[in-house]
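*Asks:* Any chance you could fold what I've pasted below:
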Amino acid sequence: MMSSTSLETVAYREIRGRIMRAEYMPGSMLSENELAGLLGMSRTPIRAAISLLEREGLVGTFRGRGVMVKEVSAHDFSEMYEVLVSMQLFALDTALKRQLAFDVDTMRQLLEQQQLALEQSDYYGYYNHTLLFTEAILRTIHNESMLQIMELYRGRYVFHTVAYRKKYPQYQPSRSVQTNRRIYEAVKNGDIAAAKAAVTEQYADVHEQFILGGLMR
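*Replies:* Reported below is the predicted structural model:
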């Protein structure tokens, strides 16, 4: 028999995964009773899982209305993106200064999985592996605080990007995998300057889109 703690964890991971895959789009109302029936458990672990998701910023509870999947604003997303870019550039610089070796085998595998997800129009897999690729770079310098930030951002970051692609299917992703391929080749060849250039060039393009969209000044 599973403990209430493990049921809470199962419920949290399942509901979070469904949100990140945009099975529940922004503004969707979630029913504790329906989720309990879907997952085959009582409302107690469902309620505990929802509390965790609320702290993560993925849902909000409204008295008299229930639980709503929260939209990740473009402004919030742009700020998360800037933090991830900054951490990536710092990790590349620090690894060079300390002469640390990158895990190029893992980077290659994640890049291959990202490419496969793109070919299969698996937006969740595509963007999740984008973050895992960045995480592989950050792990090089053994900074646990950075990895905690990555985990804090993961749910909202992936949810925002996947929901956007589902809402606007005419816009197909490709830039992230191209950039990661450039980073991988540069790191494999020991050319950290080229890896940083790939990161900053993508940021410049995305930053321009944010400005055009009125999200930044």
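
*Asks:* For this structure, give me the ranges with low pLDDT.
*Replies:* In the predicted model of the chain, residues 1-5, 64, 210-217 satisfy pLDDT under 70.

*Asks:* redo that, cut-off 80
*Replies:* 1-5, 63-65, 171-172, 207-217 (pLDDT under 80).

*Asks:* Which parts of it are strands?
*Replies:* Taking DSSP state E to define them, one finds strands in the chain at 29-30, 59-62, 66-69.

*Asks:* I'd like those as CSV, with mean neighbour count appended.
*Replies:* No exception for glycine: its C-beta is placed from N, CA and C like everyone else's. Output for these, formatted as CSV (neighbours: other C-beta atoms under 10 Å):
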stretch, mean neighbour count
strand 29-30, 16
strand 59-62, 16
strand 66-69, 19
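
*Asks:* Residue 10 - how many residues pack around it?
*Replies:* 16 (other C-beta atoms under 10 Å).

*Asks:* Do I have it right that it meets residue 39?
*Replies:* Yes - under the criterion of C-beta atoms under 8 Å, residue 10 makes contact with residue 39 at 7.2 Å.

*Asks:* What ranges does the chain have for its helices?
*Replies:* 4-20, 32-39, 43-56, 74-98, 104-119, 123-138, 144-167, 175-188, 192-212 (DSSP state H).

*Asks:* Give me the buried positions along the fifth one.
*Replies:* What it means is helix 104-119. By neighbour count on 16 or more other C-beta atoms under 10 Å, the buried set for helix 104-119 is 107-108, 110-111, 113-115, 117-118.

*Asks:* Contacts made by it with the rest, please.
*Replies:* Applying C-beta atoms under 8 Å, 6 or more residues apart in numbering, the contact partners of helix 104-119 are 122-126, 129-130, 132-133, 136-137, 173-174, 176-177, 180-181, 183-184, 187-188.

*Asks:* picking that back up, turn the strands of the chain into CSV, columns for distance to residue 196.
*Replies:* Below are those laid out as CSV (distance: least, C-beta to C-beta, whole Å):
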stretch, distance to residue 196
strand 29-30, 42
strand 59-62, 37
strand 66-69, 36
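
*Asks:* And those: which comes nearest residue 144?
*Replies:* Smallest distance to residue 144 across the strands of the chain (C-beta to C-beta): 27.0 Å, for strand 59-62.

*Asks:* buried set for stretch 78-98?
*Replies:* Across stretch 78-98, burial judged by 16+ other C-beta under 10 Å covers 78, 80-81, 84-85, 87-89, 91-92, 95.

*Asks:* Kindly indicate which of the residues you listed lies nearest residue 45.
*Replies:* residue 80 (28.8 Å).

*Asks:* Hmm, residue 158 and the closest one touching each other?
*Replies:* No - under the criterion of C-beta under 8 Å, residue 80 makes no contact with residue 158, lying 10.7 Å away.
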